[in-house]
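Trainee: turn this into a model:
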Amino acid sequence: MTVKQLRAFLAVARTLSFTQACEHLHISQPALSLAIKGLEESLGGRLLIRSTRSVRLTPEGESLVPLAKRLIAEWDNTEELLRQRFTLQLGRLAVATMPSFASNLLPPALRVFRQRHPRVNVTVHDVINEQVIEMVRARRVELGLVFEPEATGSLSFTPLFRDRFVAVVPADSRLAERARLGWPTLMTRDFIALQRPSMVRRLLEQALESRGLTLPAAFECHQLATVGRMVASGLGVSAVPSLCIAQMQELGAVCVPLDDPVIERDVGVLTWNTHELSVAARALKKVLAETIRTPGLAATR
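Mentor: Numbering: from 1, shown residues only. The predicted structure follows:
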């Protein structure tokens, strides 16, 4: 049983005329007769009784009419829904992102995406870097925004920019007047760190350990916003990715370029490398590539 056969049957059932049904469907009478015959053979019995003067429905044909109408309506609705999704007139998209990206760089990109595709709804899961990777791997989301993983396996990473860590110091500190800071100087102050298993914490520890240094944590917390508030209050200093510069400044802290050693890592989009992205996911990935810019260290001064 095909959609074409059901449309042919409904046209005949509505007009009780093969001639009028042919005109409505824009097909020849032999083609219409073949469609009806194929439907009857598929279902196992006659649906129409046709004479030289009239056409009437069998009881089975009458029972098929409401069912066929519902099937055709559902088919047309499905077809229209998919067409809207392919043209981004309608849709839903889920992305996962580390909190530092979600609160700083993602909102401007989503604003552009919303302006272009106002009927596509986006769900944002702001979770730690490791959870983003797991959500993409489990196909709970199509896109993940993360620091480049050490191993991708079945996943594909597309870099957006290279992020360099900066020092975060109190506004009234002498360190805030420096053009740049080295880690040995920064570590003479109480350090405020994110708790493990934060990717930010791990990147800092790995880089410092390679230089024979140990990250001293006088205070630990879960959220970057808390780090910024604690630094602004004069409790200590910290180091964060450049993508957090604006957030730290809004909280009242000052960011200073940081080196000795320079700590940097690519930030980008994580996807499955064996599955085609939806049209909506491809559109958002394009917007991210167009709108995300490397956070400038000049913005720290």
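Trainee: so for Leu203, what's the pLDDT?
Mentor: pLDDT, the model's per-residue confidence, is 89 for Leu203.
Trainee: I'd assumed Val267 was in contact with it.
Mentor: No. Applying Cβ atoms under 8 Å as the test, Leu203 and Val267 come out as separate, 11.3 Å apart. Quick note: C-beta positions are derived from backbone N, CA and C, even for glycine.
Trainee: identify the contacts common to the two.
Mentor: Listed contacts common to Leu203 and Val267 are Phe147; contacts here mean Cβ atoms under 8 Å, 6 or more residues apart in numbering.
Trainee: looking at these two, which has the bigger crowd around it?
Mentor: The neighbour count for Leu203 versus Val267, taken as other Cβ atoms under 10 Å, is higher for Val267 (26 against 19).
Trainee: helix or strand for the closest residue to that one other than its chain neighbours, which one?
Mentor: Spatial nearest neighbour of Val267, excluding adjacent residues (Cβ to Cβ, 6 or more residues apart in numbering): Asp163 at 5.0 Å. Applying DSSP states H and E as the criterion places Asp163 in strand 155-170.
Trainee: tell me the buried residues in that strand?
Mentor: 155, 157, 160, 163-170 (16 or more other Cβ atoms under 10 Å).
Trainee: pLDDT weak spots in this protein?
Mentor: Flagging of the chain using pLDDT under 70 yields the residue ranges 84, 87-90, 294-301.
Trainee: now do the strands in it.
Mentor: Listed in chain order, the strands of the chain (DSSP state E) span 48-50, 55-57, 91-97, 120-126, 143-147, 155-170, 181-182, 192-194, 219-221, 238-241, 253-259, 264-272.
Trainee: returning to what we had before: looking at it, the residue nearest to Val267 is touching Pro241, isn't it?
Mentor: Yes. In terms of Cβ under 8 Å, Asp163 counts as a neighbour of Pro241; the distance is 4.6 Å.
Trainee: show me what contacts Leu277?
Mentor: Remark: with contacts taken as Cβ under 8 Å, 6+ apart, Leu277 is in contact with 142-143, 271, 285.
Trainee: please repeat the previous calculation with a cut-off of 7 Å.
Mentor: Each residue near Leu277 by Cβ atoms under 7 Å, 6 or more residues apart in numbering is listed here: 142, 271.
Trainee: and for the closest residue in space to Pro216 that isn't next to it in sequence, the neighbour number?
Mentor: Counting by Cβ to Cβ, 6+ apart, the nearest residue to Pro216 once its immediate chain neighbours are dropped is Phe191, at 5.1 Å. Using other Cβ under 10 Å as the criterion, Phe191 is surrounded by 19 other residues.
Trainee: is the most centrally placed residue in the chain in a bridge, and if so with what?
Mentor: Taking Cα atoms, centre = their mean, the centroid of the chain lies closest to Val95, which sits 3.3 Å from it. As for beta bridges, Val95 partners with Val124, Leu143 under DSSP bridges.
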